[in-house]
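[1] need a 3D model of the following:
(2 chains)
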Amino acid sequence: MYGKKSIVFGLILSCLPVVASAEQLVLGIIGDSKRIAYLNETLLQPFTELTGISIKISSISEHDGADEENLLQQAIREKWDFLTLNEAQAMRLCGAGDLSPTGTMRQRQNSLLPEVSKAVTCHSFNEPRTETMVYNLNAYQRDIPDHISAFFDLERFPGKRAVAVEAPGLLEMALMAQGVPASQVYHLLSTTRGVELAIGVFAKAKPQIIWTKDHGETESLLADGSATMGLIEMGARADNDANAASGSAQPLNRLGTTSSIAHNTSWLPTAAGEGSVTALGQFVDYAKQVEIFNVTLGAGIQRDARWFATVSPDLKTRLDSWRAALQ
Amino acid sequence: MSTDTPAVPTRPAAAMTKRAITVLLVGLIIGTVTAFIAIAFVETVLWLNDALLVSAYAKVQSGFAFWQIALITISVPALGGLIVALMISRAAPTKRPTGPPDVIQAVQLQSGMPDNKSGVVTSLAALISLGAGASVGQYGPMVYIGALIGNQTKRLNLAIPNLSTVSIACGVAAAIAAAFNAPIAGLVFAHEAIVRHYSMQSFAPATVAATSGYVVANVIFDRPPLFLIQPGEILQGSEFLLFALLGLCAAAVSILYMRTILRTAKFARELNISPPPRGLIAGVGLGLVTLWLPEITGVGQFTMRFATIDGAFSAFELGGLMLGKIALTAFCLGFGFVGGVFSPALVVGALFGGLFWTLLSVIMPDTLSSYSIYVICGMMAVTSPVIGAPLTTILIVFELTRSYDLAIASMIAVVFSNLVTYRFFGRSLFDHQLLMKGVDLSQGRDQARLSDMRVRDYVSDEAPIFSQTTSQQQVLEHLRETGWNEAYAVDSETQKFVGFLRAVDLEAGSQTPIASKLQISDLVFDETTSVRQAMEKLSSFVGDAIPIIKSSDGSLVGVVTEGAIIQSYLNLAADLRREENAGL
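    All right, here's what the predicted structure looks like:
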């Protein structure tokens, strides 16, 4: 049942279309068409229906190595009201002072004088997202893959693996498959040896890996059986289950309870758009109420955005060149 | 109902139940408290490693330039070494770090743990050492903290026999259970390495304590296990021969590790440098090594993690890091950092296991089982002789991997390693350190305790001791009254022992001093003579009693009868039997 707050909030929002019916917000959203469709269905369309404020979307490539400064310039040029970036990019951009601060966040600071410090944040809200490794139930009926290491075990679990080049958490997954606990993954990745090792794990599995351009392509390959394992967004698995029930897709199952990576997409107000402060406020308030922004992250690993935001230049270069080579 | 049924002794049963509940409750409380403190200890070490930019993770995130990082890398351990040295030399009453050997000694000899202050200072010093990145272990301090917590039950005055031993066992079991997520191994370690018997009185509460430790670590805090591997199966039966060979080679590594630690400590002592500058040298040395080889510094959990992954290190790196880790651990411990030897041994063993597999795979490509099996076998085969707990290490493997194949492979390697190490070094590094202090546990706890008992504590109160100027008649009368056959004479001025005389040699009614009748004793003890030494010499002794003289001035401390020595041995044997067979 809905709480009192929700009812009051709903009533207030239902009165707003009259006030702001001609408004439009422009959003630059990272992700492929499938993600945008998903957001449209769960967030944007209901918001428009409720408030009358229309939404215009620009799609951005979901890529760790993308230059957030350029994206911000694009946002300013094209007058986006919101720019979405992965959390590490948002941290870098905010740290550089290119965005207006929206609040502060308590965080641990690694320094010689350790203290819990407050870091400035520039996002209005974070969108929790989870990717998970899945396998085709029909392909592995006798020997069931129950650990993330199965993804890299080509001998025991033959079959093609589909992974999006831009998918987050690949290196983390590679190390976890080698038995590294989630709490130690970023300590190992902080060394050149750790990064090389994780890249090497993918290199060994290279003959069976299909590098896709995005999650949408991965999902298609899994659905039609061209790939028997893959990394997809958690929400996509639910869609696939519905299709599998009707016989139009291969049935998928999650590869172990810890084979997922949780990460945040930050929604950053740019102050470059033409939407009113009221409309922006309404959008933020509405989004914060939507279920997809309030999910609890499951088992697996939480992506350490701070690590990515502050990774040393040599490691960042190594990571970027690896990603580029996969394209 | 039959009327002649014997009455149930309700009071003893109730008392026994009360005692059993008390002991189990003690196990529960000690286990829980130890686990929380052990986890806090580990977390603090990790926090310090990040805060002091010791960990690679913190260095990457710091954003400092290379020269700044280099400066910090040297100055942090240097300062840490200095602080640790000052703490131990100024604040610890023992003037030395306490550790598992002290726990073993306290339990085996019933001699009591070192004072609490030394224990607390040592634990804090270990925390700083580990936090500053010293290549020392964290499990030794955790075991000591567990024992220290357990030892506090002596304040409770619960009137339960052997409670001190039981409580220490509980603390140790909980510490290992929490550290390794392995309650069975914790339980067995407490008995195998510390208590060295398996009485129900200690086994039951230690089980409760180990389980509490496991629940706190695994269920409440969800601590990651020491290693998380999927070892697969042993491919060929003939590989068990290779595991035996691995065990034999691991013994050599283990002996090298232990001897290097002992010799470096001796070398550092012989340098005659006072503790603070010695600690500073240790810190600067550690810092310089960290700049060059960060993999061998600290507890080594990340190096060990890498070592369990095939391809993370080349054979050259595995060998080099193994030798480097041995040398740096010996340097850190010898020159003043405080910590254990367990964790570095695990790292050394893992690197050795990886090297063994890598070299074998060149000779026998595609026929060996997985790399991780050999790493785990090497890890345990090197570590078990260091801590003197082969069964514990086998159980750790089994509990962490749930792999029967791997447990058996480890068992072979561990047993062969221990066979060789026992022959050429001794039961463990801890026992060796105790031996250097004069506590020999190699012949069993009864012999060790006899060695710790002094004959001077059993001197006879009624012994006929006279001045050498006393008349023969006077002495003879006294001997007839007391039933003694011999008397013992001292110089009236210096109180030096001058000899003994027999009643049969004295002339009745003679007023001549006894000096002319004195005989030299064939057997004389001094104040340091142990009951064990005394018993060895008694076989050829004929007479009433043996004089005990002060070695410094030759004065007579007293005499001890053969019966008193034998009675002390019988009392000890009875005590041990009661302890080893005690129920709840």
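[2] drop to CA atoms for contacts and neighbour counts, all remaining ones
    Will do.
[3] could I get the full set of helices for chain A?
    A:4-20, A:33-39, A:45-51, A:68-77, A:87-95, A:170-177, A:182-189, A:192-204, A:215-223, A:234-245, A:277-289, A:305-310, A:313-326 (DSSP state H).
[4] so which elements touch the last one?
    Using 3 or more CA pairs under 8 Å, 6 or more residues apart in numbering or on different chains; DSSP states H and E as the contact criterion, the neighbours of helix A:313-326 among helices and strands are helix A:192-204.
[5] so where's the chain shaky on pLDDT?
    Using chain A. Along chain A, segments meeting pLDDT under 70 span A:1-22, A:61-66, A:104-119, A:296-299, A:327.
[6] my bad, chain B
    In chain B (pLDDT under 70), the answer is B:1-11.
[7] before we move on, back to that, next, format the helices of chain A as a markdown table and append mean neighbour count.
    Below are those laid out as a markdown table (neighbours: other CA atoms under 10 Å in any protein chain shown):
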| stretch | mean neighbour count |
| --- | --- |
| helix A:4-20 | 13 |
| helix A:33-39 | 15 |
| helix A:45-51 | 17 |
| helix A:68-77 | 16 |
| helix A:87-95 | 22 |
| helix A:170-177 | 24 |
| helix A:182-189 | 20 |
| helix A:192-204 | 18 |
| helix A:215-223 | 22 |
| helix A:234-245 | 16 |
| helix A:277-289 | 16 |
| helix A:305-310 | 18 |
| helix A:313-326 | 14 |
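[8] figure out which of these is closest to B:A40.
    helix A:182-189 (16.0 Å; CA to CA).
[9] so what's the residue nearest to the spatial centre of chain B closest to, chain neighbours aside?
    Nearest to the geometric centre of chain B sits B:P101, at 2.7 Å (CA atoms, centre = their mean). Nearest non-adjacent residue to B:P101, counting by CA to CA, 6 or more residues apart in numbering or on different chains: B:F430, 5.0 Å away.
[10] so who does the most far-flung residue of chain B relative to its centre touch?
    Residue farthest from the centre of chain B, counting by CA atoms, centre = their mean, is B:G509 at 61.4 Å. Applying CA atoms under 8 Å, 6 or more residues apart in numbering or on different chains, we find B:G509 in contact with B:Q472, B:Q473.
[11] part of a strand, is it?
    No: assessed with DSSP: H, G, I helix; E, B strand; the rest coil, B:G509 is coil; it does not lie in a strand.
[12] so what does it have for phi and psi?
    Main-chain torsions, B:G509, degrees, to the nearest 10: phi 80, psi 0.
[13] going along the chain, name the strands of chain B.
    B:465-467, B:486-490, B:497-502, B:525-526, B:545-549, B:556-561 (DSSP state E).
[14] how about the residue in the stretch 451-584 of chain B that chain A sits nearest to: what's its closest non-neighbour residue?
    Going by CA to the nearest CA, chain A is nearest to B:L584 of the stretch 451-584 of chain B, at 40.2 Å. Nearest residue to B:L584 in three dimensions, chain neighbours excluded: B:Q201, at 4.6 Å (CA to CA, 6+ apart).
[15] kindly list the longest strand within chain A.
    Max-length strand for chain A by DSSP E is strand A:125-136.
[16] how distant is it from the center of its chain?
    Offset of strand A:125-136 from its chain centre (CA atoms, centre = their mean, to the nearest Å): 7 Å.
[17] and if you look at stretch B:547-557?
    In terms of CA atoms, centre = their mean, the centre of stretch B:547-557 is found 34 Å from the chain centre.
[18] before we move on, back to that, looking at the helices of chain A, which is nearest to B:L52?
    helix A:182-189 (14.8 Å).
[19] what's next to stretch B:363-376, contact-wise?
    B:229, B:231-236, B:239, B:243, B:307-310, B:349-354, B:356-358, B:361, B:397, B:406, B:409-410.
[20] who does B:Y488 bridge with?
    For B:Y488, the beta-bridge partners are B:I465, B:F500 (DSSP bridges).
[21] okay but it is in contact with B:L501, surely?
    Yes: if you go by CA atoms under 8 Å, B:Y488 and B:L501 touch, sitting 6.5 Å apart.
[22] show me which of these two is the more surrounded one.
    Each of B:Y488 and B:L501 has its neighbours counted (other CA atoms under 10 Å in any protein chain shown); B:Y488 has more, 27 against 22.
[23] sorry, back to before: show me the contacts for the residue nearest to the centre of chain B.
    B:F430, B:D431, B:Q433, B:L434.
[24] change it to 7 Å
    By CA atoms under 7 Å, 6 or more residues apart in numbering or on different chains, B:P101 lies in contact with B:F430, B:D431, B:L434.
[25] would you check how far apart the first one and B:V341 are?
    As judged by CA to CA, to the nearest Å, B:F430 and B:V341 stand 10 Å apart.
[26] more neighbours: these two, which one.
    More neighbours surround B:V341 than the other of B:F430 and B:V341, with 27 against 24 (other CA under 10 Å).
[27] give me phi/psi at that one?
    Backbone dihedrals for B:V341, given as degrees, to the nearest 10, come out at phi -120, psi 0.
[28] quick one: contacts for the closest residue to it other than its chain neighbours?
    Sequence neighbours aside, B:G137 is the residue nearest to B:V341 in space, at 5.1 Å (criterion: CA to CA, 6+ apart). For B:G137, the contacting residues are B:V299, B:G339, B:G340, B:V341, B:F342, B:S343, B:P344, by CA under 7 Å, 6+ apart.
[29] in stretch B:478-498, which residues are buried?
    B:479, B:484-491, B:495-498 (16 or more other CA atoms under 10 Å in any protein chain shown).
[30] closest to B:A70 out of those residues?
    Ranked by distance to B:A70 (CA to CA), the buried residues of stretch B:478-498 are led by B:K496 at 67.0 Å.
[31] so the closest one is in contact with B:V490, correct?
    Yes: between B:K496 and B:V490 there is a contact at 5.2 Å, judged by CA atoms under 7 Å.
[32] the residue nearest to B:T73 when sequence neighbours are not counted and chain A, how far apart?
    Distance criterion CA to CA, 6+ apart; nearest residue to B:T73, sequence neighbours excluded, is B:G287 at 5.5 Å. Distance, B:G287 to chain A, using CA to the nearest CA, to the nearest Å: 16 Å.
[33] pretty sure B:G287 is touching B:I74, no?
    Yes: counting by CA under 7 Å, B:G287 does reach B:I74; the two are 4.0 Å apart.
[34] great, nothing more from me.
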